[in-house]
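> no sequence on this one, just coordinates:
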C-alpha cells in the first residue's frame, strides 16, 4: 500500500512502476521509492537476520544510521535499504537468511 495523497506533502505524482525481485519473488513497486518502503508496502518486514542468534531485523531508524535494514542488493551485501531507491530489475535478497 502506498500513500498517494499525503496531508502535508500533497498528492503523489509519480505512478510509474518498476520490476524487482526479492528472494526470488518478482514484485512491481513504485519507481524512486526506497527499497525498504517498497518492501513494507508489499508486506515484507524482515531485511536481515543477526549472525549470532539468527534474529530477524527490519527498518529501525529509517535514515541510514543503523544497519538493521541492510540487504544484499544486486550481489552487494550490507546495502542500507532505507536510503537506497529501487531501480528496474534490481535483485534483492534477505541478508543472513540461511
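The structure has been received and is ready for your questions. Please read these numbers as outputs of a predicted model, since none were measured by experiment.

> next, the distance between the ends of stretch 83-98.
25 Å (CA to CA, to the nearest Å).

> any idea how far it is from the chain center?
Put simply, stretch 83-98 sits 7 Å off its chain's centre (CA atoms, centre = their mean, to the nearest Å).

> I'd like the mean pLDDT over it, please.
Stretch 83-98 shows a mean pLDDT of 94.

> for that stretch, buried residues please.
84, 86, 90, 92-96 (16 or more other CB atoms under 10 Å). For the C-beta atoms, the positions are set from N, CA and C on the backbone; glycine is no exception.

> secondary structure and distance to residue 38 for those - can I get that in CSV?
Listed next are the buried residues of stretch 83-98 as CSV, based on DSSP: H, G, I helix; E, B strand; the rest coil; distance: CB to CB, whole Å:
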residue, secondary structure, distance to residue 38
84, coil, 10
86, coil, 5
90, strand, 10
92, strand, 9
93, strand, 15
94, coil, 14
95, strand, 17
96, coil, 21
